[in-house]
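1. Predicted coordinates and the sequence they were generated for:
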Amino acid sequence: QVQLMESGGGSVQAGGSLRLSCTASRLTYRNYCWGWFRQAAGKQREWVSSINTDGSIGYKDAVEGRFTLSQDNTKNTLYLQMDSLKPEDTAMYYCAATRRWAGYCYWDEGYWGQGTQITVSS
């Protein structure tokens, strides 16, 4: 079983930066997707960014150019550097990992962390 531990949440003013970390106990998938989702109060969970086994990274349009995803394989840790934060980035952020098959990430079947809160004030 994969355990995901998030850290790095907090409160910041608009324009500020935060870095989220997600450490995985182990990723046993041969082909995987590993990334971040967020859920704002009263809204549906949405994908933010993820990396695949081949190293390709994707970003939600709203965070492209402001957020940077990186992976440290030696530490089994995924990082999300968030710069130029906006109030609309306020949400609970979740780390998730799952299998990738035929180019698709099966997030609903994967493993999820407990979440870490990000609050951006104007």
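-> Sure thing, it's come through. Model, not experiment: these values are computed from the prediction.
2. use CA for all of it now, contacts and neighbours both
-> OK.
3. what about the residue nearest the centre of the chain, distance to residue 91?
-> The chain has residue 36 as the residue nearest its centroid, 1.8 Å off, counting by Cα atoms, centre = their mean. From residue 36 across to residue 91, the span is 12 Å (Cα to Cα, to the nearest Å).
4. And residue 41, by the same measure?
-> According to Cα to Cα, residue 41 and residue 91 sit 7 Å apart.
5. re earlier: which strand residues bridge the residue nearest to the centre of the chain?
-> When assigned by DSSP bridges, residue 36 has beta-bridge partners residue 49, residue 95.
6. what's the answer for residue 72, then?
-> Beta-bridge partners, per DSSP bridges, of residue 72: residue 77.
7. where in the protein is pLDDT low?
-> Applying pLDDT under 70 to the chain flags no residue at all.
8. Strands of that one, start to end?
-> For the chain, strands defined by DSSP state E occupy the ranges 4-7, 10-13, 18-24, 32-39, 46-52, 57-59, 67-72, 77-82, 91-101, 104-105, 111-112, 116-121.
9. In stretch 6-25, which residues are buried?
-> Within stretch 6-25, the residues scored as buried using 16 or more other Cα atoms under 10 Å are 6-7, 9, 12, 14, 17-24.
10. now swap in stretch 72-84 and tell me
-> Neighbour-count burial for stretch 72-84, counted by 16+ other Cα under 10 Å, picks out 77, 78, 79, 80, 81, 82, 83.
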